[in-house]
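Only the shape, not the letters, is given here:
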């Protein structure tokens, strides 16, 4: 009735409305400071300004202070294992473990609350679990260095399980794969992946069925198991810090991480490139567009000379193919040339050449690609192209040497592959060995 409606309005008018208040905990990220460990061993490479510490809990730390960028400190951590230690049946849940953990936040903070608590700070950490290792990436400004260390400690010791965040994450992923089967580029990429991995179950694309099978409990259990033992982790720090100021942070937040002294390594799960010549044609979409990927794969003798040779071959081919396909013949949307060499689980290489063009031009352009390759296999590159490669490498190194990311990657490579960082950094000596014969021989392999 009208009287009842008026009574409702009157009740609302008399109600005291309290403005929404965004409640964020003002407490510290870590409620109690971890019990600090100690530095049990130390060595230096003085001419490179690199220091190595081993902590009492087994954690290894590599440090390179720089003044390249005033507001940047980078960190990367790694440990052998990864999803390879699980069965094929459990690998989907394990593959999402780090994303699930990060979506839940840490300690008392949901991911949303954590972002609010970190407002105004330059500090971020992202855990990761790949097929062969687990680890994390992070960065911070020097003034927020302790916050960076606290986040690292929390992602090891107090990842937060959040069912609401988990459901939201699955919803986002489901939306991203909903129309994958109708997208020509996605179908092409999935076919290429299936071909190169011989349709290995661990390399198959994500489906709704797989997504629905992912369990929050299983994903979090795997994440916690991978980060339960810090004794086989290595942390690499590069950036604007000094050893005296970072030492107590390392001792407290890394030295205080749990240590089980496990001895483990990754497992070879048997993903192999196919042998022989394989040709696949994917017909999808209605637009007159074509895409081609030519991939060469094979075993690889892992050493610096061979890595340099194949990288330089990539540069030579990039120069030649762009000239021939784009400038001389025309009709190409874009040309890409890339190489990948791997040491683990077995030394091998892949070499990819990709281009887009009108479907009626694909066969002609593919023939031109192989003609360029045959030319390099027969007589190597021209002196002009070789000098272009040298100069590009030289200019790139001049810039990279002053970047924290370059030093981070170099120190990690030296540590993981047991190589002397001096040698990895002596690129001018390696460039002096670059020759037409080196490129020719790399192409022939």
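Done, it's in. Worth saying up front: this structure is predicted, and the values here are computed from it rather than measured. Residues are numbered from 1 along each chain as shown.

where do the strands sit along the stretch 101-250 of the chain?
Here the stretch 101-250 of the chain has its strands, by DSSP state E, counting those that start in this stretch, at 123-129, 133-140, 234-239.

Output the below-cut-off pLDDT ranges for the stretch 201-350 of the chain.
328-329, 331 (pLDDT under 70).

And for residue 55, the neighbour number?
25 (other CB atoms under 10 Å). Placement of C-beta: from N, CA and C, glycine included.

From what I see, it and residue 250 are in contact.
Yes. Using CB atoms under 8 Å, residue 55 is in contact with residue 250, at 7.3 Å.

shared neighbours of these two, which are they?
Residues touching both residue 55 and residue 250 by CB atoms under 8 Å, 6 or more residues apart in numbering: 39, 61.

thinking again about what came up before, between the strands of the stretch 101-250 of the chain, which one is closest to residue 345.
Smallest distance to residue 345 across the strands of the stretch 101-250 of the chain (CB to CB): 11.3 Å, for strand 133-140.

picking that back up, which one of the strands of the stretch 101-250 of the chain has the most crowded surroundings?
Sort the strands of the stretch 101-250 of the chain by mean neighbour count, taking mean count of other CB atoms under 10 Å, and strand 234-239 sits at the top with a mean of 24.

quick one: contacts of that one?
59-66, 68-69, 72-79, 142, 152, 246, 254, 404-405, 407-408, 411-412, 415.

Count the neighbours of the nearest residue to residue 325 once chain neighbours are set aside for me.
Nearest non-adjacent residue to residue 325, counting by CB to CB, 6 or more residues apart in numbering: residue 332, 4.6 Å away. Close neighbours of residue 332, defined as other CB under 10 Å, add up to 19.

Give the bridge partners for residue 332, please.
residue 357 (DSSP bridges).

tell me the contacts of it?
Residues near residue 332 by CB under 8 Å, 6+ apart: 325, 326, 355, 356, 357, 361, 365.

So what sits opposite the residue nearest to residue 75 when sequence neighbours are not counted in the bridge?
Excluding the flanking residues, the one nearest residue 75 by CB to CB, 6+ apart is residue 138, at 4.5 Å. When bridges are called by DSSP bridges, residue 138 pairs up with residue 75, residue 125.

from what I can see residue 138 touches residue 124, true?
Yes. Here residue 138 reaches residue 124: they are 6.2 Å apart, a contact under CB under 8 Å.

Please identify every residue contacting each of these two.
148, 151.

hang on, isn't residue 268 packed against residue 84?
Yes. Here residue 268 reaches residue 84: they are 7.3 Å apart, a contact under CB under 8 Å.

Check the contact lists of these two and give me the overlap.
Shared contacts of residue 268 and residue 84, counting by CB under 8 Å, 6+ apart, come down to residue 345.

So for the two, which sits in the more crowded spot?
Set residue 268 next to residue 84 and count neighbours by other CB under 10 Å: residue 84 wins out with 21 against 12.

what's the pLDDT at the more buried one?
Per-residue pLDDT puts residue 84 at 96.

give the contact list for it.
Contacts of residue 84 by CB under 8 Å, 6+ apart are 131, 132, 266, 267, 268, 269, 345.

One more pass at 6 Å, please.
Residues in contact with residue 84 (CB atoms under 6 Å, 6 or more residues apart in numbering) are 131, 132, 266, 267, 269.

Could you export those residues as a markdown table, including neighbour count and distance to residue 200?
Output for these, formatted as a markdown table (neighbours: other CB atoms under 10 Å; distance: CB to CB, whole Å):
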| residue | neighbour count | distance to residue 200 |
| --- | --- | --- |
| 131 | 20 | 11 |
| 132 | 20 | 15 |
| 266 | 18 | 16 |
| 267 | 16 | 14 |
| 269 | 20 | 8 |
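
And the residues you listed, which is closest to residue 201?
Ranked by distance to residue 201 (CB to CB), those are led by residue 269 at 9.3 Å.

Spatially nearest residue to the closest one, not counting backbone neighbours?
For residue 269, ignoring the flanking residues on the chain, the nearest one in space by CB to CB, 6+ apart is residue 84 at 5.2 Å.

Confirm the one you found sits in a helix?
Yes. Under DSSP: H, G, I helix; E, B strand; the rest coil, residue 84 falls within a helix.

Would you check which pair of the contacts of residue 332 lies furthest apart?
Between any two of the contacts of residue 332, the greatest separation by CB to CB is 12.1 Å, found for 326 and 361.

So for residue 90, what's the nearest residue that isn't a sequence neighbour?
residue 218 is the one closest to residue 90 (CB to CB, 6+ apart), at 7.0 Å.
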